[in-house]
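*Asks:* What follows is a predicted protein model with its sequence.
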Amino acid sequence: MKRKLSVVLALFVIASMLALPASAQTPTAQYQPDRQAPINLQPVTGADLDGPFAGSAYVPSKQRATATGRYVVRFADAPLAELWLDAQARGAGYDTATAQAYTDALLAKQAQASQAVDALGGKTLANFTKLINGIAVEISGAKVRDLYAIPGVVSVNRLPDYQLALDETVPWIGAADVQSMGYDGTGVTVAVLDSGIDYTHEHLAGCGTLECSAQALAEASQPADPALYPTAKVIGGYDFVGSTWPNTAEIPDPNPMDDGAGGGHGTHVSSIIGGVETDDLGPGVAPGVELYAVK
């Protein structure tokens, strides 16, 4: 009897809870994001669509799925780093000759895979052997599934393209705070060992015109025009390899203009290190430094 009474009482309590008016229930807190949408963000409208989905809220993904994109294709064989770590764990050595032989073997297999990528209408952009064993490819999204048919392929992932401007990265690492304290690199000289520096670039206190840049590029293998170089920012430097290296022998010259194979990278690095503020771009990490271009 007592058991039946307890069950009835429990049911009554539950029924009472369910019957509470909405005003008596505790409201659930709604999450309100503190980030605002970009001011230039516009909603997708029917005018942006075509085909059977025109005028609907659905954005078809077929075009995105078949568009040419960049992907990382990974293979089953272990990368060089894994073999080295395994040797360390076993207390065994892993000499340079062994490492080179294994790297060559990985590259040989990757070359065969690249031929298959070519046959699918794609192309290989880069080879990876140390931290991962794979290749970066550019290919139609419609052919991505076909990449799995290549012997040894274990995964295919889209290659992300991260783009952050100095206006974002300099404050993010705390450099803007340091600059506001009066420390901007003034009095410090930095040698940039890279592909050279485009000393005409506006962000590096150059003249900032296409005409100046074209002239400097045309004269990159001969002494620079004193009107263009040196500058208040790029105060000196030297080209130890020449504009045509590595496709030819080294042909040194005194002009460190950023051109030839790998051109642009040295200028990019210099901009990060010591670029000055312009109308279009914020300052680099240490905008007060002076630069030497060592190519």
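*Replies:* Everything's here; your move. Numbers count the residues shown, from 1 in each chain.
*Asks:* So, low pLDDT: which residues of the chain?
*Replies:* Residues of the chain that meet the criterion pLDDT under 70 lie in 1-65, 164.
*Asks:* Show me what the helix or strand where Ala81 lies is in contact with.
*Replies:* Assigned by DSSP states H and E, Ala81 belongs to helix 80-89. Applying C-beta atoms under 8 Å, 6 or more residues apart in numbering, the contact partners of helix 80-89 are 93-94, 99, 102-103, 106, 129-131. Using the backbone N, CA and C atoms, a C-beta is placed for each residue, glycine as well.
*Asks:* one more time with 10 Å
*Replies:* With contact meaning C-beta atoms under 10 Å, 6 or more residues apart in numbering, helix 80-89 is reached by 77-78, 92-95, 98-100, 102-103, 106, 128-133.
*Asks:* my read: Asn255 touches Phe240, true?
*Replies:* No - with contact defined as C-beta atoms under 10 Å, Asn255 does not reach Phe240; the gap is 11.5 Å.
*Asks:* When those two are compared, which one has more neighbours?
*Replies:* Between Asn255 and Phe240, counting by other C-beta atoms under 10 Å, Asn255 is the more crowded of the two (25 against 14).
*Asks:* Give the burial count for the closest residue to the more buried one other than its chain neighbours, as a bare number.
*Replies:* Excluding the flanking residues, the one nearest Asn255 by C-beta to C-beta, 6 or more residues apart in numbering is Ala224, at 4.6 Å. By other C-beta under 10 Å, 20 other residues sit near Ala224.
*Asks:* Go ahead and measure how far the helix or strand where Cys212 lies is from the middle of the chain.
*Replies:* In this structure, Cys212 sits in helix 210-218 according to DSSP H and E. Mean C-alpha position of helix 210-218 versus that of the full chain (C-alpha atoms, centre = their mean, to the nearest Å) differs by 28 Å.
*Asks:* moving C-terminal of the helix holding Ala81, what's the next helix or strand?
*Replies:* That would be, after helix 80-89 and using DSSP H and E, helix 96-119.
*Asks:* can you give me the angle that next one makes with helix 80-89?
*Replies:* Interaxial angle of helix 96-119 relative to helix 80-89 (axes from the mean of the first three to the mean of the last three C-alpha atoms, to 10 degrees): 150 degrees.
*Asks:* Buried residues, helix 96-119. List them.
*Replies:* Neighbour-count burial for helix 96-119, counted by 16 or more other C-beta atoms under 10 Å, picks out 99, 102-103, 106, 110, 113-114, 116-117.
*Asks:* what sits up against the helix holding Cys212?
*Replies:* 198-202, 206-207, 209, 224-225, 227-229, 243, 255, 257-260, 263.
*Asks:* try it again with 8 Å
*Replies:* 198-201, 206, 224-225, 228-229, 257, 259.
*Asks:* Could you identify the buried members of those residues?
*Replies:* 198-201, 206, 224, 228-229, 257, 259.
*Asks:* In a markdown table: those, plus distance to Gln163 and secondary structure.
*Replies:* Below are the buried ones among the contacts of helix 210-218 laid out as a markdown table (distance: C-beta to C-beta, whole Å; DSSP: H, G, I helix; E, B strand; the rest coil):
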| residue | distance to Gln163 | secondary structure |
| --- | --- | --- |
| Asp198 | 20 | coil |
| Tyr199 | 25 | coil |
| Thr200 | 24 | coil |
| His201 | 18 | coil |
| Gly206 | 23 | coil |
| Ala224 | 31 | coil |
| Leu228 | 29 | coil |
| Tyr229 | 29 | coil |
| Met257 | 26 | coil |
| Asp259 | 24 | coil |
